[in-house]
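>>> take a look and give me a structure for this.
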Amino acid sequence: MIILKTRREIEIMRKAGRLVAESHELVRRHIKPGVTTKELDRLVEEFLRSRNAIPTFKGYNGFPFSICTSINEEVVHGFPSDRELKEGDIVSVDIGATFEGYVGDSAKTYLVGEVDEEKKHLVEATRQSFYEGIKFARTTYRLSDISHAIQAYAESKGLSVVRDFVGHGIGKNMHEEPQVPNFGKPGKGPRLQEGMVLAIEPMINAGTYNVRILENNWTVVTVDGKPSAHYEHTVAITDGEPELLTIL
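All right, here's what the predicted structure looks like:
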């Protein structure tokens, strides 16, 4: 069942989303060669708790960290560690915050120092695929119109769309109905309604879309070892333009 949010609920989600956006700004300022992803995890957890928010991911189905940090060929659900970021890496950072019982969720892929053209192209195209998708995040469209627009744009740039993991509805729980694939034919799925809140999150690979899960049972990597990028915002469907709840 898709849970429609009231304006009051969306106002609280806007506050949760702002804390996520502020967390990303904190990460952006600290990412550089030599920084460990565990240090980024600590910074975000301390910040969120100082604002009376809960890091949503920590303990979620047993996930042991406050953020996901996925480097290069890691797609999603990477574990923060003592591994130092290196010049030329890309790192996808996924952050969730629960505030007053509601969740905000957003991911961005960051460049570490000077990065090669393949990775720059991947990261920019992944970001733009999200914006192509939300052109259809309106009440005149169906859910898969978003999905199709993301896929069409990414593939037009010579990239592939991960099939095994998708976006989702979001509210009091991080994962609610409906699932939001980043691929598919247009004109399918539920019609979008005011009050829907969706975490729309393209996961785009430079090579094949095939992925596998590492032995930690969390971290997803590309099968061919080529880099992957991730871009996500929490988006409210309104009676007009979609509203991004996870921006400053």
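
>>> Val221 sits in which helix or strand?
strand 220-222 (DSSP states H and E).

>>> then Glu87?
Per DSSP H and E: Glu87 is located in neither a helix nor a strand.

>>> next up, the contacts around the closest residue to it other than its chain neighbours.
Leaving out its chain neighbours, the residue that sits closest to Glu87 by Cβ to Cβ, 6 or more residues apart in numbering is Gly113, at 3.8 Å. Backbone N, C-alpha and C define where each C-beta goes, glycine included. Counting by Cβ atoms under 8 Å, 6 or more residues apart in numbering, Gly113 touches Lys32, Pro33, Lys86, Glu87, Gly88, Asp89.

>>> narrow those residues to those that are buried.
Taking 16 or more other Cβ atoms under 10 Å as the criterion, what is buried in these is Asp89.

>>> among the contacts of Gly113, which one sits closest to Ala97?
Lys32 (23.8 Å; Cβ to Cβ).

>>> pLDDT wise, what is that closest one at?
Looking at Lys32, its pLDDT stands at 98.

>>> my guess is it contacts Val112. True?
Yes - when contacts are counted by Cβ atoms under 8 Å, Lys32 is listed as touching Val112 (6.9 Å).

>>> strands paired with the strand holding Val221, and their directions?
Applying DSSP bridges, strand 220-222 is found paired with strand 74-76 (antiparallel), strand 211-213 (antiparallel).

>>> give the buried residues for it.
Val220, Val221, Thr222.

>>> closest to His230 out of the residues you listed?
The closest of the buried residues of strand 220-222, once distances to His230 are taken by Cβ to Cβ, is Val220, at 10.1 Å.

>>> switch the buried residues of strand 220-222 over to JSON lines; also include pLDDT and distance to Pro186.
Below are the buried residues of strand 220-222 laid out as JSON lines (pLDDT from 0 to 100; distance: Cβ to Cβ, whole Å):
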{"residue": "Val220", "pLDDT": "98", "distance to Pro186": "27"}
{"residue": "Val221", "pLDDT": "98", "distance to Pro186": "30"}
{"residue": "Thr222", "pLDDT": "98", "distance to Pro186": "27"}
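
>>> so what's the residue count around Pro169?
Small correction: residue 169 is Gly, not Pro. Around Gly169 there are 22 other residues, counting by other Cβ atoms under 10 Å.

>>> shift numbering so it begins at 15
Noted, 15 is the first residue going forward, which turns the last one into Gly183.

>>> and the helices in this protein?
21-44, 51-64, 131-147, 157-170 (DSSP state H).

>>> looking at those helices, which is closest to Glu215?
Per Cβ to Cβ, nearest to Glu215 of the helices of the chain: helix 131-147, 7.6 Å.

>>> hang on, Glu88 packs against Val235?
Yes - taking Cβ under 8 Å as the definition, Glu88 is a contact partner of Val235 at 5.3 Å.
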